[in-house]
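Engineer: below are the sequence and a predicted model; questions follow.
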Amino acid sequence: MLDKLGWRKSDKQDQSLQKQIDTLRQQRVPNHIAIIMDGNGRWAKQRALPRFVGHREGMHNVRRITRAANAIGIKVITLYAFSTENWKRPSSEVEFLMHLPEEFLADFLPELMELNIRVEMIGEMEGLPQYTSRAVRNAMEETKNNTGMVLNFAFNYGSRREIVLAVQRIAKLVQDGKLETTAITEEIICEQLMTAKIGDPDLLIRTSGEFRLSNFLLWQLAYTEFWFTNIHWPEFRAEHLYEAVIDYQKRNRRFGGLKGE
Ligand code: V0D
């Protein structure tokens, strides 16, 4: 059963979470949070478990963090689930990963409806196995009229590829005489990116101790606050998300002070 904020009893362990919520409610929360969900393989390795166990744990954690983000009024959460580079992994691992959207949605879609959450995707549907694209397309269709938080998966996504596709489309507009070269602005480029409708993240989180962007949202992260943690994705909990949000709010407050001086 879910309570008013969309919490499952098992996720709301203790008073300290409520304390964090009380703190972060005193200021604006970021509209859009993007997360690089790293460390599933490493988490498994440390426990002498096969990598796929880490990936499945990671998938279960997507649900927890979706609930946690929803509960504090985040408008968009973008999760880096599969990059264009991930195709280089062993084919057995890629195949396992490609079944995760199906598995995730089979269990979680009813709750997404209950929470009024809309599923979106950035990346290319082309090249995905049919069982994968069908599951994702179906979830987008089922949830398209939901008006609450957007759960946006970056999936078969690479930012350089995204930029190449945008440049190709803009060049075509110029070639067809529909756009002047001098009329190409930042806004025109934004419109051609896969994030046209969802906008730029306010906060980027990367788990598992790496400090790279790994071809994620290169254009869109120009003004974003970054937050890093050593926690592996399967162990990243609501308390860590809220810690990141509270840190973000502190930074913003500092900037606000400086700007006025
Ligand atoms: C594995 C950690 C949910 C990162 C999270 C194939 C690596 C778990 C989805 C998902 C993955 C994607 C689209 C959708 C619904 C769910 C997912 C992949 C990997 C890529 F509509 N978790 N998840 N997709 N992992």
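Structural biologist: Looks like it came in fine. Residues are numbered from 1 along each chain as shown.

Engineer: against Ile36, how distant is the residue nearest to Thr229 when sequence neighbours are not counted?
Structural biologist: Residue nearest to Thr229 in three dimensions, not counting chain neighbours: Thr207, with 5.6 Å by CB to CB, 6 or more residues apart in numbering. Yep, even glycine has a C-beta here, placed from its N, CA and C like the rest. From Thr207 across to Ile36, the span is 7 Å (CB to CB, to the nearest Å).

Engineer: out of those two, which sits in the busier spot?
Structural biologist: Thr207 (26 against 23; other CB atoms under 10 Å).

Engineer: what residues sit buried inside stretch 15-25?
Structural biologist: Across stretch 15-25, burial judged by 16 or more other CB atoms under 10 Å covers Leu17, Gln20, Ile21, Leu24.

Engineer: state the mean pLDDT of that stretch.
Structural biologist: For stretch 15-25, the mean pLDDT works out to 93.

Engineer: who's in contact with the closest residue in space to Ile21 that isn't next to it in sequence?
Structural biologist: Excluding the flanking residues, the one nearest Ile21 by CB to CB, 6+ apart is Ile72, at 6.4 Å. Neighbour list for Ile72: Ile21, Leu24, Arg25, Val29, Tyr242, Val245 [criterion: CB atoms under 8 Å, 6 or more residues apart in numbering].

Engineer: was I right about the second one contacting Ala244?
Structural biologist: No. Taking contacts as CB atoms under 8 Å, Leu24 lies outside contact range of Ala244: 10.0 Å.

Engineer: so Glu93 sits against Gly54, correct?
Structural biologist: No. Glu93 is beyond contact range of Gly54, at 10.5 Å (criterion: CB under 8 Å).

Engineer: indicate the residue of the stretch 51-200 of the chain located nearest to the ligand.
Structural biologist: Closest to the ligand within the stretch 51-200 of the chain is Gly58: 3.1 Å, counting by CB to the nearest ligand atom.

Engineer: the strands in this protein, which residues?
Structural biologist: Assigned by DSSP state E, the strands in the chain fall at 32-36, 76-83, 118-122, 150-157, 203-206, 225-228.

Engineer: quick one, which of those strands is nearest to Lys172?
Structural biologist: With respect to Lys172, and counting by CB to CB, the nearest of the strands of the chain is strand 118-122 at 20.5 Å.

Engineer: is any part of the closest one close to the ligand?
Structural biologist: Yes. Counting by CB under 6 Å from any ligand atom, the ligand has neighbours in strand 118-122: Val119.
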